[in-house]
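Trainee: sequence first, then the predicted structure:
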Amino acid sequence: MEAPLITIFVRHSAGCKYAVDEFCKRCHCRKHLRWTQNGKQYRRKTGSRSWEGAEDARRRLEDEITGRKPDKQTPRHGPMLIADAIKVYMDAKRNDGLEPPTLKKLEKVCDRIRVFAEGSGILTLEGVTLVHLTTWPWGRYLKATHSLRSNQERVKSFFRYFHNAGVISKNPAAAWSRVKGKTEQVSGFTPEEFERILAAIPKVERKHTYSKSDRKNNVRVLTATKDVQQKLRALVLVMRYAGLGIIDAACLERTQISHIGNTYRIQLKSRQKTSKRDILQPIDNPIPPFAGRELMSVLNGNSRYVFWNRDERDTVADAGEKRIAVTYWHKWIRALLNTAGLPDATSHKFRHTLAIEMIRHGATFEDVAAALGNTVAVVAKFYSHEWAKVRQGRTDAAIKATWASHAAVPAHI
């Protein structure tokens, strides 16, 4: 049976700049097939956003209509399209067992690569060169040096994967030198700022969008209830004095609080962020009695978790449920910092506060690493500037101590 003429056409997404061209090969919109048989028109999805994928779908349809068996001995090879490469790369990363937040970051990077490549008229991986990578306006999405460097490493990882797999003959990102620029030194909250944060808790409000279809007209303001205020205060105190990140604090369990007399400790086998590593770094930190009492006062009806924001089952929560809790409390912390007049601060600054205060009171990098559940290398990277200040103070004190050996200024001076 002779195959009918099968045409590939594009159904453009809203806002596509190629919307006027039904047969555009450059856009990333969905491709479809159209053919006429026995006086009737048929349409079918290709399941692909790339033109090459649509061509493969058309050949399979021709084989289906004519009854031909596809030739498996002569597979078709050719340059891999960027759109197809992104799908392959993300599938590989999902199989690696990466967490959804990490996968979301990789998806953003892949989408930037696709957008920039399309803007430069590039369809295949082989078409990307070092010139493209170093001249594409990454700053359109990222401003800080740290963010640009993180993005650069992910872009390098993307092309390195296909180079190692033999898909591309040369890695265009191999010679891409590290993004230059100054990174801001981390800092903690001053005592005055921390008091402002605690004082702002009764006044905290946050905006909530309850419909994604119309974000402008469906926004309401949520005022923190007494229960939320009490939990928010305890959450802030445990992050500040135990050095917990928002993930560990929001998912804190009852069994992780040790209470003997007037002594309170926070004990974690491992941080949530590093729980899948081969070597776990536990946390066992004391907290002030007033912070411990605040923490014990907010224990809710959940038999396992302290800061659970909704009715939970007594079973073990999965990763998705934990992310919901973290997102819920992260929004309240963000609103609290805005109310306190600290819009540029983040929840991680509570953690920095403990580390910096420890260094100022004589703690070594090893001590801080143990308290934060980090490695010494990570602590040295982020807090070496504070250690330099402490060391300079000790040096000054030692130098000034030598002055006491002279009862009076020498006569010849």
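Mentor: Done, it's in.
Trainee: rest of the way, CA atoms for contacts and neighbours
Mentor: Fine.
Trainee: could you list the buried residues of stretch 7-14?
Mentor: 8-12 (16 or more other C-alpha atoms under 10 Å).
Trainee: and the residues you listed as JSON lines, adding secondary structure, pLDDT and distance to residue 255?
Mentor: Shown next, in JSON lines, are these (DSSP: H, G, I helix; E, B strand; the rest coil; pLDDT from 0 to 100; distance: C-alpha to C-alpha, whole Å):
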{"residue": "8", "secondary structure": "strand", "pLDDT": "92", "distance to residue 255": "60"}
{"residue": "9", "secondary structure": "strand", "pLDDT": "92", "distance to residue 255": "59"}
{"residue": "10", "secondary structure": "strand", "pLDDT": "92", "distance to residue 255": "57"}
{"residue": "11", "secondary structure": "strand", "pLDDT": "90", "distance to residue 255": "55"}
{"residue": "12", "secondary structure": "coil", "pLDDT": "90", "distance to residue 255": "54"}
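Trainee: in a markdown table: the residues you listed, plus distance to residue 292.
Mentor: Listed next are the buried residues of stretch 7-14 as a markdown table, based on distance: C-alpha to C-alpha, whole Å:
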| residue | distance to residue 292 |
| --- | --- |
| 8 | 66 |
| 9 | 65 |
| 10 | 61 |
| 11 | 59 |
| 12 | 57 |
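Trainee: between those, which is closest to residue 208?
Mentor: Comparing these against residue 208 with C-alpha to C-alpha picks out residue 12 as the nearest, at 32.0 Å.
Trainee: look up phi and psi at the closest one.
Mentor: phi -70, psi 150 (degrees, to the nearest 10).
Trainee: these two touch, right, it and residue 32?
Mentor: No: in this structure residue 12 lies outside contact range of residue 32 using C-alpha atoms under 8 Å: 10.5 Å.
Trainee: how about the strands in the stretch 151-300 of the chain?
Mentor: Taking DSSP state E, counting those that start in this stretch as the test, the strands found in the stretch 151-300 of the chain are 205-209, 219-223, 257-260, 263-268, 283-287.
Trainee: can you tell me which of those is nearest to residue 304?
Mentor: strand 257-260 (11.3 Å).
Trainee: list the buried residues in that closest one.
Mentor: Quick answer for strand 257-260 (16+ other C-alpha under 10 Å): 257-258.
Trainee: ok, it: who's next to it in the sheet?
Mentor: strand 263-268 (antiparallel) (DSSP bridges).
Trainee: helices and strands around the top helix by length along the chain, which ones?
Mentor: Among the segments of the chain that qualify as a helix by DSSP state H, the longest is helix 376-401. Counting contacts by 3 or more C-alpha pairs under 8 Å, 6 or more residues apart in numbering; DSSP states H and E, helix 376-401 is packed against helix 348-360, helix 365-372.
Trainee: give me the buried positions along the longest one.
Mentor: Along helix 348-360, the positions that meet the burial threshold by neighbour count (16+ other C-alpha under 10 Å) are 348-359.
Trainee: ok, residue 145 - contacts?
Mentor: 179-183 (C-alpha atoms under 8 Å, 6 or more residues apart in numbering).
Trainee: now residue 89
Mentor: Applying C-alpha under 8 Å, 6+ apart, the residues near residue 89 are 158, 161.
Trainee: which SSE is it in?
Mentor: Element membership of residue 89 [criterion: DSSP states H and E] is helix 82-95.
Trainee: return the member of the buried residues of stretch 7-14 nearest to residue 272.
Mentor: Using C-alpha to C-alpha, these come closest to residue 272 at residue 12, 41.5 Å.
Trainee: ok, that closest one to residue 119 distance?
Mentor: Noted for residue 12: a distance of 17 Å to residue 119, by C-alpha to C-alpha, to the nearest Å.
Trainee: ditto for residue 359
Mentor: Taking C-alpha to C-alpha, one finds residue 359 at 49 Å from residue 119.
Trainee: so which of the contacts of residue 145 is the most crowded?
Mentor: In terms of neighbours by other C-alpha atoms under 10 Å, those top out with residue 179 at 15 neighbours.
Trainee: okay, helices next: where are they in the protein?
Mentor: Under DSSP H, the chain gives helices at 51-66, 82-95, 100-119, 130-135, 145-164, 191-200, 226-242, 246-250, 289-297, 319-339, 348-360, 365-372, 376-401.
Trainee: turn these into JSON lines, including distance to residue 25 and mean pLDDT.
Mentor: Below are the helices of the chain laid out as JSON lines (distance: least, C-alpha to C-alpha, whole Å; pLDDT from 0 to 100):
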{"stretch": "helix 51-66", "distance to residue 25": "6", "mean pLDDT": "83"}
{"stretch": "helix 82-95", "distance to residue 25": "12", "mean pLDDT": "92"}
{"stretch": "helix 100-119", "distance to residue 25": "10", "mean pLDDT": "90"}
{"stretch": "helix 130-135", "distance to residue 25": "21", "mean pLDDT": "94"}
{"stretch": "helix 145-164", "distance to residue 25": "23", "mean pLDDT": "93"}
{"stretch": "helix 191-200", "distance to residue 25": "54", "mean pLDDT": "95"}
{"stretch": "helix 226-242", "distance to residue 25": "52", "mean pLDDT": "93"}
{"stretch": "helix 246-250", "distance to residue 25": "44", "mean pLDDT": "90"}
{"stretch": "helix 289-297", "distance to residue 25": "59", "mean pLDDT": "91"}
{"stretch": "helix 319-339", "distance to residue 25": "38", "mean pLDDT": "85"}
{"stretch": "helix 348-360", "distance to residue 25": "45", "mean pLDDT": "94"}
{"stretch": "helix 365-372", "distance to residue 25": "51", "mean pLDDT": "93"}
{"stretch": "helix 376-401", "distance to residue 25": "47", "mean pLDDT": "89"}
